[in-house]
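> Pasting a predicted model and its sequence here:
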Amino acid sequence: MKLKIVAVMLAVVAAVVVYVVVFRTAEPPSQMQSQSEKACGSADLRAGADAESCRQHALDLIGREPERHEDAGRALLKKLCDQAFEQACKDLADYPCLKLSLDDGRCSGAWFKPPDGKACLAVAQAYDAHLCGTGNPQVVKDSYAKACQLGVREACGK
């Protein structure tokens, strides 16, 4: 009987240790660096920062993460462009279409769940204005409906 009590106590202690070591010491998700952010580092390409990782981090900041940091993402693209990373320059030159692509992913739930209603509204408005060669009336209707369903009142009834 004493052996069973000791075994149960050891199991409880082990479970507490595992919980403390694995779960309590981990960084909160909002403070964890993504792989692209780590590979980007200071974004100094001459010092060995990976240009494509920096670009991917900029896209995360602009819209692929739930919390947007659009100004920081654009600034990172500009820093890369200033260092002659051609794709970052193209992204900046075609920024409205890049943002539409990211908004489409935010609306569809491709980047995270639940989808972003404001992004659905932005997609509907972009398609309605024929931005970036778009203009499908069904996409406009569906995006307004989804934005409304996700709680964006100004999209309702359009």
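Alright, I've got the coordinates. Numbering: from 1, shown residues only.
> Would you map out the domains in this protein?
35-93, 95-155 (automatic domain parsing).
> need those domains in TSV with mean neighbour count and mean pLDDT, can you?
Every residue, glycine included, has its C-beta placed from N, CA and C. Shown next, in TSV, are the domains of the chain (neighbours: other C-beta atoms under 10 Å; pLDDT from 0 to 100):
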stretch	mean neighbour count	mean pLDDT
domain 35-93	17	96
domain 95-155	18	95
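> can you pull the contacts of the spatially most central residue of the chain?
Centroid-nearest residue in the chain, with C-alpha atoms, centre = their mean: Glu65, separated by 1.7 Å. Applying C-beta atoms under 8 Å, 6 or more residues apart in numbering to Glu65 gives the contacts Trp111, Phe112.
> Would you state the helices of the protein in chain order?
Remark: helices assigned in the chain by DSSP state H are 2-18, 35-40, 51-59, 70-82, 86-93, 95-108, 117-128, 137-149.
> separation between the residue nearest to Ser42 when sequence neighbours are not counted and Lys38?
Leaving out its chain neighbours, the residue that sits closest to Ser42 by C-beta to C-beta, 6 or more residues apart in numbering is Ala49, at 6.1 Å. In this view, Ala49 and Lys38 are 10 Å apart by C-beta to C-beta, to the nearest Å.
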